[in-house]
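K.L.:
would you be able to build a 3D model of this:
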Amino acid sequence: MHKTYFKFSMLLYLSFSDNYCGAMEEKQHRTQGIFQLGNYSSYAVSYQSQLAARVKPSFAPPVSPLSEDEMDITYTQLLEHHKNRLTQDRETFSEQVLRNHTSALKAYLVFCGKDLNQRVSREFTADFLKRMQEFAQLISGGNRKTAADKLSMLRAIKKTVDSLHRKAQLAPVSGISMFHKELRLAVASSGQTLEEIAKAIGAAPLTLPRWMNGANPVKKGMPTLRRLERHLGLERGCLESKLEYPRKETRVAMAAAGDQYIERMRALVKDPFYLARTAFSSALE
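P.N.:
Okay, here's the model as predicted:
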């Protein structure tokens, strides 16, 4: 009987010890999970997950319905932009040129499984070189000159696409001119600070901040500007071609205004600006 009582007592003790240790361990985990932020316990992670599930964001950023490589224009609209660009670049422009470019575009789109009513997409953005090579292999079996002409026309259309894509990128960028917009976008895309870029191209510390804030490079600063273009991975003349300086008639008007100011100052210097003693009276107060 004593043995049976002893065994029963031991079982009660072990059960109580397990429950007590389990309760103390859970309490310790809760304490660590709540107060020791550097060492999350499973309880803290669970609590944080439940809390995060209850919290709803008050603002959701707008998501564009277009994919990253899709533009918000159709190929029909692209042809209109392409016509405008060709008209500006060439002194003489014939409708036959546009018809030839349209024919080349239609053939390329049929190859890509697209038509003129669809949006400009990867076949003219990310996958252009790959699809272009595949298309070239397909059409090179016939007349080589005709194939070369079609490829040249497609490259011309690609320039229009790149121009429109660049304008869309520059639209939200602030700046007083296209030069400053291009400069700010290129610097932001590089992921480098102005100090790092200035050190890499050997520019004075204040040169790039001045350009970013609206100043135009002077003639002596052109070598620095070209080194900047090369460092940022831009084509030579990309930034330089966007510079806008005052026109000649504007400079003449500014000079004339400056001359008039100088003449007024000369006249004012001759005036002694003093009053005679008899001119003083109580009315001057």
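
K.L.:
give me the domain ranges for the protein.
P.N.:
2-50, 75-170, 178-242 (automatic domain parsing).

K.L.:
and those, which one is worst for confidence?
P.N.:
Here the lowest mean pLDDT among the domains of the chain goes to domain 2-50, at a mean of 46.

K.L.:
tabulate the domains of the chain in a markdown table, adding columns for mean neighbour count.
P.N.:
To be clear about C-beta, it is placed using only N, CA and C from the backbone, and glycine gets the same treatment. Shown next, in a markdown table, are the domains of the chain (neighbours: other Cβ atoms under 10 Å):
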| stretch | mean neighbour count |
| --- | --- |
| domain 2-50 | 11 |
| domain 75-170 | 15 |
| domain 178-242 | 15 |
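
K.L.:
residue 203 contacts residue 228, doesn't it?
P.N.:
Yes. Using Cβ atoms under 8 Å, residue 203 makes contact with residue 228 at a distance of 7.3 Å.

K.L.:
find residues that contact each of these two.
P.N.:
residue 197 (Cβ atoms under 8 Å, 6 or more residues apart in numbering).

K.L.:
can you map out the helices along the stretch 151-285 of the chain?
P.N.:
178-190, 194-201, 207-212, 222-231, 248-270 (DSSP state H, counting those that start in this stretch).

K.L.:
including distance to residue 266, could the domains of the chain go into TSV?
P.N.:
What follows is these, written out as TSV (distance: least, Cβ to Cβ, whole Å):
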stretch	distance to residue 266
domain 2-50	74
domain 75-170	47
domain 178-242	30
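
K.L.:
quick one on the thing from earlier: reformat the helices of the stretch 151-285 of the chain as TSV; add distance to residue 150.
P.N.:
Shown next, in TSV, are the helices of the stretch 151-285 of the chain (distance: least, Cβ to Cβ, whole Å):
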stretch	distance to residue 150
helix 178-190	32
helix 194-201	41
helix 207-212	42
helix 222-231	32
helix 248-270	44
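
K.L.:
how near is residue 150 to residue 236?
P.N.:
Per Cβ to Cβ, to the nearest Å, residue 150 is found 29 Å from residue 236.

K.L.:
gap between the two ends of stretch 191-208?
P.N.:
Distance between the boundary residues of stretch 191-208 (Cα to Cα, to the nearest Å) amounts to 15 Å.

K.L.:
give me the residues contacting that stretch.
P.N.:
Contacts of stretch 191-208 (Cβ under 8 Å, 6+ apart): 187, 190, 209, 212, 221, 224, 227, 228, 231, 232.

K.L.:
hang on, the earlier thing: of the helices of the stretch 151-285 of the chain, which is nearest residue 240?
P.N.:
Residue 240 lies closest to helix 222-231 among the helices of the stretch 151-285 of the chain, at 5.9 Å (Cβ to Cβ).

K.L.:
ok, which pair from the contacts of stretch 191-208 is furthest apart?
P.N.:
Greatest spacing in the contacts of stretch 191-208, by Cβ to Cβ: 190 and 221 (19.2 Å).

K.L.:
so which helix or strand takes in the residue lying closest to residue 135 once chain neighbours are set aside?
P.N.:
Nearest residue to residue 135, sequence neighbours excluded (Cβ to Cβ, 6 or more residues apart in numbering): residue 111, at 5.1 Å. Secondary structure from DSSP states H and E places residue 111 in helix 95-112.

K.L.:
so which other helices or strands are in contact with the helix or strand following that helix?
P.N.:
On the C-terminal side of helix 95-112, the nearest following helix or strand under DSSP H and E is helix 128-139. Counting by 3 or more Cβ pairs under 8 Å, 6 or more residues apart in numbering; DSSP states H and E, the packing neighbours recorded for helix 128-139 are helix 95-112, helix 144-170.

K.L.:
show me what the helix or strand hosting residue 80 is packed against.
P.N.:
Using DSSP H and E, residue 80 falls within helix 75-89. Applying 3+ Cβ pairs under 8 Å, 6+ apart, one finds that helix 75-89 contacts helix 95-112, helix 144-170.

K.L.:
TSV for those helices, including distance to residue 176?
P.N.:
Below are the helices and strands packed on helix 75-89 laid out as TSV (distance: least, Cβ to Cβ, whole Å):
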stretch	distance to residue 176
helix 95-112	35
helix 144-170	13
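
K.L.:
between the ones you listed, which gets nearest to residue 262?
P.N.:
Shortest distance between residue 262 and the helices and strands packed on helix 75-89, using Cβ to Cβ, is found for helix 144-170: 40.6 Å.
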